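Student: next come a sequence and a model predicted from it.
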2 protein chains.
Amino acid sequence: MEEMASTPISQNNFNKKMQPYDITVKNGTILTMDQTGSILENRAVHIKGDIIARIGDDPACEAREVIDARGGLILPGLVNGHTHAAMTLFRGLADDLPLMEWLNHYIFPVEARMDADFVYVGTLLACAEMILSGTTTFCDMYLFEEQAARAAAQAGMRAVVGEVLYDFPSPNYGELKKGFEYTEMLMEKWGPHPLVSIAVEPHSLFTCHPDLLIRANAMALNAGVPLIIHVAETESEVAEIQKRYGKTPVQHLAALGLLGPHLIADHAVHLNEADMERLAEHGVKVISNPESNMKLASGTAPIPQLLTRGVIVGIGTDGCASNNNLDLFTEMDMVAKIHKVVSLDPTVMDAETVLKMATIEGARALGLSRITGSIEVGKKADIIVVDTHRPHLTPMYTPYSHLVYAAKGNDVIHSIINGKVIMKDRRVHTLDLDGIMAQAREKATLVEAWVNGG
Amino acid sequence: MEEMASTPISQNNFNKKMQPYDITVKNGTILTMDQTGSILENRAVHIKGDIIARIGDDPACEAREVIDARGGLILPGLVNGHTHAAMTLFRGLADDLPLMEWLNHYIFPVEARMDADFVYVGTLLACAEMILSGTTTFCDMYLFEEQAARAAAQAGMRAVVGEVLYDFPSPNYGELKKGFEYTEMLMEKWGPHPLVSIAVEPHSLFTCHPDLLIRANAMALNAGVPLIIHVAETESEVAEIQKRYGKTPVQHLAALGLLGPHLIADHAVHLNEADMERLAEHGVKVISNPESNMKLASGTAPIPQLLTRGVIVGIGTDGCASNNNLDLFTEMDMVAKIHKVVSLDPTVMDAETVLKMATIEGARALGLSRITGSIEVGKKADIIVVDTHRPHLTPMYTPYSHLVYAAKGNDVIHSIINGKVIMKDRRVHTLDLDGIMAQAREKATLVEAWVNGG
């Protein structure tokens, strides 16, 4: 009482006292993506601080901020399990080329010349695109990754980031030794951040010496963070590993002691039966990137077979140079369709399975399923709203099908991440989109000069 | 002079006299999609009546209406070469099922009970979606097709429509004899319409007796209209035709005398080398529907091989029950990617080739290339504008790549069809979207009752 009396009861404080919640998202159908797959009609999600505090009735107004889903769908924010965010600045730079020509004439020359600011601007641009298309969490692998962490924090997005490690000198850290130090620095500096966490990210089996891989694995295990690596993306990679070590990529990982539930294998396109069994047995997580695998003509990952074996599989867009977008809605559509036609079975990869991969299973793959990926009391509030009052989503018989086969990123109207309203009515609150686009155009001028040898 | 004096010079008349053009689309990069593939920067398209009158400078204001492309892309409206428009009302009704279960338990029972108004509402809804995603011309095959014609005319869309003909009684016309009469009636009534034209559309080789096919072909040739039919969509169709006639579908068409430049073969998934040669030799047109073929697990059409042989190939979405959308931007993305991964060659189906298929080649396939499909003086003004001032389209190195791999239907901001502004700043001028969606929801209630045996 005395404390109350000594503090003037401002309107703000008064409201806080009367309102048990900070945000209420009301007037929608909630796709919880919880273990029972509950779909709750005409219900509301109540948020207190950064936490989902209650899922319940739809009162007129009981929070500081009330967000109207307008009769649409309320679902967990999407999880982009693998990307190279700053490559937004290379989108469309060169396409439809043989892989080595694309890498040698375009990607490698520009990556050799880019700097921290380049990655910062490119990642901000990526965050803008991801927020606008319903992604709330992404997992990044690139160079100058502290800038990716900064950009994600500024955008208010949840992110797992890691500096790419390989046998060559890096334009960021130089010698490999410094790469490990840089990763240590990231873990120390960003460890306590509420949105950003760090992973150890050796590039691939063909760009990383076994010593590098063993050391990276030890570092990840020691720090209790994920170890993330490209695995068996192309046939030529498999042939190369076979040639060098007489093993498949998964056998090579096994021989080095890297298989375990902390390992996230990106792509995993070319696996044999024994490889798949082994991944399942060791609880290795997989992130599938079908659009990139299609565009680069890498092949089709055996995702239905991995799911049958109980492997946890999330979905990634890969970078914009090989997709060329970060929209998980089109990626979901592709995941569902490519496996049907490859297996000649229309029942595989049903819409609910695919939506799980883009939400709770993606979160599980990244080790974040206690935090995000579903709408459940006690989890962090990472929530998006899809407006269904649109011709291409009307009428609606089954929400899962609409989200996977008909909805587009643009149908997402609101986004809440970690209890903060990041986008409302398609206005992104955390980023100056015009400013970022202007900076991106400036960077593109540099890129064009670099490609032309300037 | 005297006539001038006798008529008061209203502001309106005065302006008309001073303005040689009715509409100018300015401030954009024009992708003409003409034979030389010209891309014209900072130019304007001037429209007089329904015709593209000039492509030239970008004057401040010289038309009655000036449409600002805001520095974006000005291109021909997209051509959806094959759809069943009214099936928007079945979108998401049932998915991920074996084909026969889907047809027998869902599609056939509801189609047996639908009526003219159902097709009218469903097609209006489809037109809304297509306009909003950049399509200006579509080719339809369904039941109660006069309603599809009415809906297209009301929407202001260019359309080729045809009543589906098959051996069974139709819920529209009853006995087959009446089906031919109905098609005659459509040709007579809609022949002179500036937007709608009619085709003869037998359903498929396995649902149509040879007599039906021969008669339909004669009717099409006699009227000088396209003959449109599903061909070799599934392996089971090929097996059935082989069993019945000892021929591949294309051999069967050849034996019946149906091959010719007036024939449009939809799907054409399962073709052998000789079939492809034959299609090329006779100038048969093909419409590819990859998303539908993937979702129904039908297979992948040999499109690169057909293009190599000089076959004219357009792109279709097929109906919403098997896609589940009418967005040609996602369809283009799929066309480009599926053939790369199937052939394991990233250079096939480059972005420019794919964009041609969705514009001028699609128009050519439908026999409309003198009218639409490119921005050329003398053609009808069917033009869309894509806003590129968006994070996922910034920066832009190459427009073709952006349109195929990164843009979404929603990025289309303006649409002009036959010289009329149909959509401006994403407001559709010809349709009451809220009213159509309300009617669509009512029809969905009927559909649910029909599926449940009501």
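Tutor: Everything's here; your move.
Student: what about the closest residue to A:Thr248 other than its chain neighbours, which helix or strand?
Tutor: Closest residue to A:Thr248 apart from its sequence neighbours, by CB to CB, 6 or more residues apart in numbering or on different chains: A:Asp275 at 5.6 Å. Placement of C-beta: from N, CA and C, glycine included. Using DSSP states H and E, A:Asp275 falls within helix A:273-281.
Student: any idea how far that helix is from the middle of the chain?
Tutor: Computed by CA atoms, centre = their mean, to the nearest Å, the chain-centroid distance of helix A:273-281 equals 24 Å.
Student: a strand runs through A:Met33, doesn't it?
Tutor: No: using DSSP: H, G, I helix; E, B strand; the rest coil, the secondary structure at A:Met33 is coil, not a strand.
Student: my read: it touches A:Thr359, true?
Tutor: Yes: with contact defined as CB atoms under 8 Å, A:Met33 reaches A:Thr359; the gap is 4.6 Å.
Student: interface residues of the stretch 101-250 of chain A facing chain B?
Tutor: Contact residues, the stretch 101-250 of chain A versus chain B (CB under 8 Å from any CB of the partner chain): A:102, A:125, A:128-129, A:132-133, A:235.
Student: now do the contacts for A:Tyr245.
Tutor: Going by CB atoms under 8 Å, 6 or more residues apart in numbering or on different chains, A:Tyr245 touches A:252, A:255.
Student: revised request: answer the last question for A:Leu125.
Tutor: Here A:Leu125 is in contact with A:88-89, A:436-437, A:440, B:391, B:394 (CB under 8 Å, 6+ apart).
Student: so it sits in a helix?
Tutor: Yes: remark: A:Leu125 belongs to a helix, assigned using three-state DSSP.
Student: so for it, what's the nearest residue that isn't a sequence neighbour?
Tutor: Distances taken as CB to CB, 6+ apart place A:Thr88 nearest to A:Leu125, at 4.5 Å, with adjacent residues excluded.
Student: neighbours around that neighbour, how many?
Tutor: 32 (other CB atoms under 10 Å in any protein chain shown).
Student: contact residues of the stretch 351-454 of chain A facing chain B?
Tutor: Those residues of the stretch 351-454 of chain A that sit near chain B, judged by CB under 8 Å from any CB, are A:351, A:389, A:391-392, A:394-398, A:401-402, A:405-406, A:408-410, A:433, A:436-437, A:440-441, A:443-444, A:447-448.
Student: which members of the residues you listed are classed as buried?
Tutor: Applying a neighbour-count criterion of 16 or more other CB atoms under 10 Å in any protein chain shown, the buried members of those are A:351, A:391-392, A:394-398, A:401-402, A:405-406, A:408-410, A:433, A:436-437, A:440, A:443-444, A:447.
Student: what's near enough to touch A:Val386?
Tutor: So A:Val386 contacts A:72-73, A:75, A:134, A:393, A:403, A:407, A:411-413 (CB under 8 Å, 6+ apart).
Student: okay, domains of chain A per the record?
Tutor: Domains of chain A are assigned by automatic domain parsing as A:11-76+A:375-428, A:81-365.
Student: report the backbone C-alpha coordinates of stretch A:310-317 in CSV.
Tutor: Taking C-alpha atoms only, stretch A:310-317 is exported to CSV below (Å, rounded to 0.1, in the frame of the first residue of the first chain):
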residue,chain,number,x,y,z
GLY,A,310,11.8,-41.2,-37.3
VAL,A,311,14.5,-38.6,-38.3
ILE,A,312,13.5,-35.1,-37.3
VAL,A,313,13.4,-33.0,-40.5
GLY,A,314,13.0,-29.3,-40.9
ILE,A,315,12.7,-27.1,-44.1
GLY,A,316,15.2,-24.4,-45.3
THR,A,317,15.2,-22.1,-48.2
